[in-house]
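**Q** below is the sequence, then the predicted model.
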Amino acid sequence: AYQGSGEVASVFTGVATAQPGRELKGLERAAWEELERVRSEGVEAWEVRAAVDSLKTKLVRRMEMVGGFGGVSDMLNYYQTFTGEPDGLRRDLGRYEAVTPDTVREVSLRWLHPDRYTQVTVRPARARAEAPARTVLPGAAGPGEFRLPRPERRMLENGLEVWVLAQHHIPLVSVQAVVRAGGIADPAERPGLAQFTAALLDEAAAGMGPLALAKRQKELATSLATGLDYEQASFGLTLLADHFGGGLALLSDVLLRPDLRPEDVERLRKEHLANLARKLDESQELGDRVLRERLFGAGTPYGHPLDGTRATLEALLRGEAQAYYERRYRPENALLVIVGDVSPEEAFAAAGSAFGPWRGRGGVPVAEEGGGAGSPGLFLVDKPAAPQSYLTAAAPALSRTDAGYPAFVVFNAVLGGQFPSRIHMTLREDKGD
């Protein structure tokens, strides 16, 4: 049995599974007889005590964790949100302690009535020919056949490439727009501009502010996910097939019609500065920044931090984000991928309707070279009072398009990319405790 409590009401659920050959009617009758016995005779004091102690143990054990799901911070937030008392756990523990056999019987009489319930019966489609042999391991199946699905591709008149892969096993559609607007396109004097611009796009678009955009996503039962790395910016959502058209329209509003409002620029500036200050207090973040700068060279496309520096974030202007958007966010510099429960023709037609008006401005951007002149060596970042040391090492390697890339990925997995890899086993088993 399960008790699912909510802020306004709750649901009490009982689940019973019949053994093979037993009738469900008899199982249902036995369950109601036991429930009626509790309602008429009540429960014993030791049963109440055991149940209360079990519940208290679960609650108190959660306090061993400061954060995380279910920890102290989560409980403080929960009680503050629903009761207005961040320390409401004390009151709850007292309420459990006040439970007696009489109060248990009272609530069962009040809420659990045989004529006020919903029952769902699930029967197997067919009986098994024979019970499986539980003591014998099943044999291995033959080699399975895997065919990599191939999407249908089409180029819109404005230069936007669209890939569609139909998959009809569940009524979901995922849409992903990828734009060559990653960090390697940051001007040398403005590291972090690409990330800042990408973050601005879904703040306000087509006259809709943050709240209106959030409401629109809620109505579509989806959430727009944005991401950025050195090569690309991505914008995606997954939603029910019935909402495919609305989701595509939302994505086009964000990419084609961002408002880039001054108030959003200032708010995001404060958020990014706060995040940067937090990250720079972490040993790993400092180490990775120094490593990238020494590996590729300061100010190079790959040598600068994606999120910029404090100086550039403080000086960044709305006009710079606007110019970056106009230069990089254009149909011939993007790819739209649609996967899910939609036909290719329907997907291509919807893409043309939503993204057909997209037009670029100015010349086509030129791809940047990511590397630079690094300075290899051994470097120490002095961080007094750091709770933990962080060691990292790297060397420039081959491009993703190199013919030897697959072999290099396998080499990395053997060396250190998996749990039983050589480096991991050496450090954990031979050199560790």
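**A** Looks like it arrived, so ask away. Numbers count the residues shown, from 1 in each chain.

**Q** in the stretch 1-150 of the chain, which spans are strands?
**A** For the stretch 1-150 of the chain, applying DSSP state E, counting those that start in this stretch gives strands covering 2-5, 10-13.

**Q** figure out how far the first one is from the centre of its chain.
**A** It refers to strand 2-5. Centroid separation for strand 2-5 versus its chain: 27 Å, with C-alpha atoms, centre = their mean, to the nearest Å.

**Q** wait, which of the strands of the stretch 1-150 of the chain is closest to residue 321?
**A** For residue 321, the closest of the strands of the stretch 1-150 of the chain is strand 2-5, at 46.2 Å, according to C-beta to C-beta. (C-beta placed from N, C-alpha, C; glycine too.)

**Q** let me know the pLDDT of the closest residue to residue 65 other than its chain neighbours.
**A** Of all residues not flanking residue 65 in the chain, residue 71 sits nearest, at 3.4 Å (C-beta to C-beta, 6 or more residues apart in numbering). pLDDT, residue 71: 84.

**Q** before we move on, back to that, winner for burial among the strands of the stretch 1-150 of the chain?
**A** Among the strands of the stretch 1-150 of the chain, the stretch with the highest mean neighbour count (mean count of other C-beta atoms under 10 Å) is strand 10-13, at a mean of 11.

**Q** shaky segments in the stretch 251-400 of the chain?
**A** 362-374 (pLDDT under 70).

**Q** can you show me the helices along it?
**A** 262-279, 283-296, 310-315, 318-328, 344-355 (DSSP state H, counting those that start in this stretch).

**Q** that older thread, could you export the strands of the stretch 1-150 of the chain as JSON lines, including distance to residue 150 and mean pLDDT?
**A** Listed next are the strands of the stretch 1-150 of the chain as JSON lines, based on distance: least, C-beta to C-beta, whole Å; pLDDT from 0 to 100:
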{"stretch": "strand 2-5", "distance to residue 150": "45", "mean pLDDT": "77"}
{"stretch": "strand 10-13", "distance to residue 150": "45", "mean pLDDT": "84"}
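
**Q** so which of the ones you listed comes closest to residue 139?
**A** That would be strand 2-5 among the strands of the stretch 1-150 of the chain, by C-beta to C-beta, at 38.0 Å.

**Q** what packs against the closest one?
**A** strand 10-13 (3 or more C-beta pairs under 8 Å, 6 or more residues apart in numbering; DSSP states H and E).

**Q** which residues are contacting the strand it packs on?
**A** Strand 10-13 is touched from outside by 1, 2, 3, 4, 111, 112, with contacts defined as C-beta atoms under 8 Å, 6 or more residues apart in numbering.

**Q** now, among the residues you listed, which is nearest to residue 210?
**A** If you rank those by distance to residue 210 using C-beta to C-beta, residue 4 comes first, at 32.3 Å.

**Q** tell me both backbone torsions, phi and psi, for the residue nearest to residue 65.
**A** phi -80, psi -170 (degrees, to the nearest 10).

**Q** touching, it and residue 62? I think so.
**A** Yes - using C-beta atoms under 8 Å, residue 71 is in contact with residue 62, at 6.4 Å.

**Q** how about the strands of the stretch 1-150 of the chain in JSON lines, adding distance to residue 256?
**A** What follows is the strands of the stretch 1-150 of the chain, written out as JSON lines (distance: least, C-beta to C-beta, whole Å):
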{"stretch": "strand 2-5", "distance to residue 256": "43"}
{"stretch": "strand 10-13", "distance to residue 256": "44"}
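
**Q** quick one: which of these is nearest residue 326?
**A** strand 2-5 (51.3 Å).

**Q** in its sheet, what does that closest one sit against?
**A** Its sheet considered, strand 2-5 pairs with strand 10-13 (antiparallel) by DSSP bridges.
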